[in-house]
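> Predicted model and sequence below, questions to follow.
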Amino acid sequence: MKCLRVDNLSLELGGSLILSGISATLNRGEMVGLIGPNGAGKSSLLRSILGLVKINNGSIIVDDTDINALSLKQRARKMAYAAQGAPVYWPLTVEHIIGLGRMPHLNPWQKIRPSDRDIINDAMIKTDCTHLKGRSVMTLSGGERARVLLARVLATKAPYVMADEPVAALDPAHQLGVMNILKELASSDCGVLVVMHDLSLAARYCDRIILLNEGKMIGQDKPDIMLNDDNLADVFSVRASRWKDQGEDFIITRQIETGI
Amino acid sequence: MNKYLFRNILLVLALIVVSIASLLIGRTEIDVITVLKALFGVADEPINLIIQELRLPRVLLGILIGAALGISGAALQGVLRNPLADPGVIGVSASAALGAVIAIHLGLQLIWSLFIPLFAMGGALVATFILLYVSMRESSVLTLILVGIGISSLAMAGVSLVMNIAPSPMSIRDMIMWMLGSLENRTMTDLMLATPFILFGWIMMINVGQGLNALSVGEETAQTMGINVTMLKLRIVVGSAISVGAAVAACGSIGFIGLVVPHMVRGMITNNPGDVLLPSAIMGGLLLTLADLATRIPTSGATLQLGVVTSLIGAPAFLFIVYNTRKSMR
């Protein structure tokens, strides 16, 4: 089956062990939340999968091919990355930024083709950016900018997408907007791995959760199993209050009274 | 026809007009027809010589060096993602200057006039190797800038030292005049010396445009878009170091062209860092040829040095552009 597989991955940075013995899978068509406290190694895991850092042990297999056997360009066609915060350095137009998503499919001299244009337009429709296309990214609000950068990721048409805290720093409506875009992306046979901190959003949107703590994987399973009271207490040192609304789970966290 | 191509063609036309003007203006008055004839060697004898041996190399060298500075400035600003970057920031200009003042200090130009450019090129190459070593070690953009500043300061310290121990005031004057930059009295030999290095630099930077576009959304993201960022940095830093080194060797330190030209292009043509390169080359050639024309404005006493003119025009132009684009650059 076509999937992205991580086998027994270990990563050391500057002499300290950041990740050890991680084995996980990301199937096409599913949205998986990567959850864990700050410093658990979530971003490092994403960056390892994308080949941005050299792993010390283990392997990363995309659709039955080890990523070491793929060129940078071939990797770029398989996996797209929505980086955290995602800066833009020049006052470029929205359309140009989204068009960058087609780069893995073009030769160094090649310009955007009509077929690429269709894909870019489609990405703009899906992220509701069409009306922004002539604007400079410097003039956009945080929410608009997040959608534009997501549209760039969509335009790659990569079968696997890694998103690092895509909803951090967004207002509630934009958070839902971004999660909906990612969910729709997953439903179009794409594997989406998303780092997030909002447990309720994770529980509602993700098909599975990979829970990390101190560089080790606690497990990967359905949200209601992974986000159980014991795990939340062990990993985050929090106590959860839960309720259901229209069949969806909501989790509110409280500090555990240590009794000291 | 698309706008980008059209505006580039306009720039080329402007460059041709200014180049012809530059061939026309000089101590001997020669009309257009005679100048064009002389280019093909079919005018009268002293005129052929004046145009082909004196004025033509000066114009060609001006275009070549302006283009080298413009394109290097644009590429460095793109790769360092910093609108303040210019060829000086990587320390090559200062190292070339150090080489040149050492040659002047030793009086080598009296033995062979090409010793100055050769020593300058040597200085530039030393800086280039340091930069190459640093860029091969996957250094961050900030490290590159800091190393450049370090090289630059060290080379300037060396220049001060050489001036400090200079044997005579005349020799100091020669050093200062060289550093102020000039295209005067340059021959085809100077052109032949600079061309291979500048071309080599350009070849290293060929097709970096796409990578620069990718870098505008960040280094790691660019890598996930299939761009080898370490290689891109190396090619641009080394490519511009070699071509700027050759440019400084041929005509001294020319300030502000590399800094201002990409900003002018952004204002007039495009903000896409990859598409800024080509028009920056043309605009650089145009601006330097214009500045060289300005040095020929008759003044009482000393002739203006080229670097003085480029800085006098460049700095106000830079302030004007920065003020105008303050809202779009954040």
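Done, it's in. Numbers count the residues shown, from 1 in each chain, chains lettered A, B, ... in the order given.
> Count the neighbours of the residue nearest to residue B:83 when sequence neighbours are not counted for me.
Counting by C-beta to C-beta, 6 or more residues apart in numbering or on different chains, the nearest residue to residue B:83 once its immediate chain neighbours are dropped is residue B:77, at 5.8 Å. The way it works is simple: take the backbone N, C-alpha and C, and place the C-beta from them, glycine included. Neighbour count for residue B:77, taken as other C-beta atoms under 10 Å in any protein chain shown: 27.
> Residue A:83 now?
Residue A:83 has 24 neighbouring residues, counting by other C-beta under 10 Å.
> Could you find the closest non-adjacent residue to it?
residue B:221 (5.0 Å).
> got it, and residue A:237?
Among residues not flanking residue A:237 along the chain, residue A:256 sits closest, at 5.7 Å (C-beta to C-beta, 6+ apart).
> Under a three-state scheme, what state does the closest residue to chain A within the stretch 201-330 of chain B occupy?
Residue nearest to chain A within the stretch 201-330 of chain B: residue B:226 (3.5 Å; C-beta to the nearest C-beta). Put simply, residue B:226 is coil when judged by DSSP: H, G, I helix; E, B strand; the rest coil.
> ok, residue A:13 touching residue A:44?
Yes. Using C-beta atoms under 8 Å, residue A:13 is in contact with residue A:44, at 7.3 Å.
> Can you check which residues contact both of the two?
residue A:53 (C-beta atoms under 8 Å, 6 or more residues apart in numbering or on different chains).
> Which of these two has more residues huddled nearby?
Between residue A:13 and residue A:44, counted using other C-beta under 10 Å, the more crowded position is residue A:44 (21 against 13).
> for the helix or strand containing the more buried one, packing partners?
Taking DSSP states H and E as the criterion, residue A:44 maps to helix A:42-49. Where contact means 3 or more C-beta pairs under 8 Å, 6 or more residues apart in numbering or on different chains; DSSP states H and E, helix A:42-49 is packed against strand A:3-13, strand A:16-27, strand A:31-35, strand A:160-164, strand A:191-195.
> Grab the nearest non-local neighbour of residue A:21.
Per C-beta to C-beta, 6+ apart, closest to residue A:21 is residue A:8, 5.7 Å.
> residues near the one you found, how many?
Residue A:8 has 12 nearby residues by other C-beta under 10 Å.
> hang on, it packs against residue A:60?
No. The criterion here is C-beta under 8 Å, and residue A:8 misses it with residue A:60 at 10.5 Å.
> List the contacts of residue B:314.
Counting by C-beta under 8 Å, 6+ apart, residue B:314 has contacts B:255, B:256, B:257, B:259, B:260.
> And the residues you listed, which is the shakiest by pLDDT?
When the contacts of residue B:314 are sorted by pLDDT, the bottom entry is residue B:255 at 79.
> phi, psi of it?
Note on residue B:255: backbone dihedrals following degrees, to the nearest 10 are phi -80, psi 160.
> Okay, it and residue B:308: tell me how far apart.
Per C-beta to C-beta, to the nearest Å, residue B:255 is found 9 Å from residue B:308.
> tell me the contacts of the residue lying closest to residue A:171 once chain neighbours are set aside?
Leaving aside its chain neighbours, residue A:171 sits nearest to residue A:143 (6.4 Å; criterion: C-beta to C-beta, 6+ apart). Counting by C-beta under 8 Å, 6+ apart, residue A:143 touches A:170, A:171, A:173, A:174, A:177.
> Okay, and which of the residues you listed map to helices?
A:173, A:174, A:177 (DSSP state H).
> Can you report how many residues lie near the second one?
In other words, residue A:174. Residue A:174, neighbours per other C-beta under 10 Å, totals 18.
> I'd assumed residue A:146 was in contact with it.
Yes. With contact defined as C-beta under 8 Å, residue A:174 counts as touching residue A:146 (6.5 Å).
> Quick check: residue A:172 vs residue B:102, distance?
Counting by C-beta to C-beta - residue A:172 and residue B:102 are separated by 66 Å.
> Neighbour count for the two, which is higher?
residue B:102 (21 against 10).
> how close does that one get to chain A?
Note on residue B:102: its distance to chain A, by C-beta to the nearest C-beta, to the nearest Å, is 39 Å.
> could you list every residue that touches that residue?
By C-beta under 8 Å, 6+ apart, the neighbours of residue B:102 are B:119, B:123, B:158, B:162.
> Near residue B:11, how many other residues are there?
21.
> Assign the nearest residue to residue A:220 once chain neighbours are set aside to helix, strand or coil.
Nearest non-adjacent residue to residue A:220, counting by C-beta to C-beta, 6+ apart: residue A:210, 4.5 Å away. Here residue A:210 is recorded as strand under three-state DSSP.
> No further questions, thank you.
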